[in-house]
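1. Any chance you could fold what I've pasted below:
(2 chains)
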Number of protein chains: 2
Amino acid sequence: MIKARVTVTLKNGVLDPQGKAIEGALGALGFDGVGQVRQGKVFDLEVEGTDKAKAESDLKAMCEKLLANTVIEKYTISIA
Amino acid sequence: MIKARVTVTLKNGVLDPQGKAIEGALGALGFDGVGQVRQGKVFDLEVEGTDKAKAESDLKAMCEKLLANTVIEKYTISIA
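-> Predicted coordinates for the structure are as follows:
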């Protein structure tokens, strides 16, 4: 069993209204000096088998097909 | 300017219907051998200043107050 973490974040230049809202909320809570905030998603997956190279290529396919919208998002895969 | 990444994930034992849905969708797409999937959130923040210890304590306060629901979620802070 291989454990992997996939992190999906917006590409640079893509507007992030959710991040902007968090920025505003942090300011309203009194946290000064917070610059840009951008929100993304993280997926913790368990993949059967022990072949890390195969797991990585499978995870890449999962990202392309389902986990990330590659028009506006980029992803990183890290395998434990 | 300090760049930090906050990762918020569900605590163990907390049900994750969103993760379950992704698990089902991956199976339907033909990805066999995918075990548990759990989804979390990631925040990329810029904090002013150069004092990493202060930034970390500020970020911890932000997590406790806004970014994470500590009843059901845990968070990790990593500072670049």
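2. Need phi/psi at residue A:30.
-> Main-chain dihedrals, residue A:30, degrees, to the nearest 10: phi 100, psi 10.
3. Could you check the pLDDT of it?
-> Looking at residue A:30, its pLDDT reads 95.
4. ranges for the helices of chain A?
-> Per DSSP state H, chain A carries helices over the ranges A:17-28, A:52-62.
5. so the closest residue to residue A:78 other than its chain neighbours bridges to which residues?
-> Distance criterion Cβ to Cβ, 6 or more residues apart in numbering or on different chains; nearest residue to residue A:78, sequence neighbours excluded, is residue A:5 at 5.1 Å. Glycine gets a C-beta too; all of them are placed from N, C-alpha and C. Bridge pairing for residue A:5 (DSSP bridges) gives the partners residue A:44, residue A:78.
6. that older thread, would you format the helices of chain A as CSV with distance to residue B:17 and mean neighbour count included?
-> Compiled in CSV, these are given as follows (distance: least, Cβ to Cβ, whole Å; neighbours: other Cβ atoms under 10 Å in any protein chain shown):
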stretch, distance to residue B:17, mean neighbour count
helix A:17-28, 20, 15
helix A:52-62, 19, 17
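7. With distance to chain B added, can I get those helices in CSV?
-> Shown next, in CSV, are the helices of chain A (distance: least, Cβ to the nearest Cβ, whole Å):
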stretch, distance to chain B
helix A:17-28, 6
helix A:52-62, 6
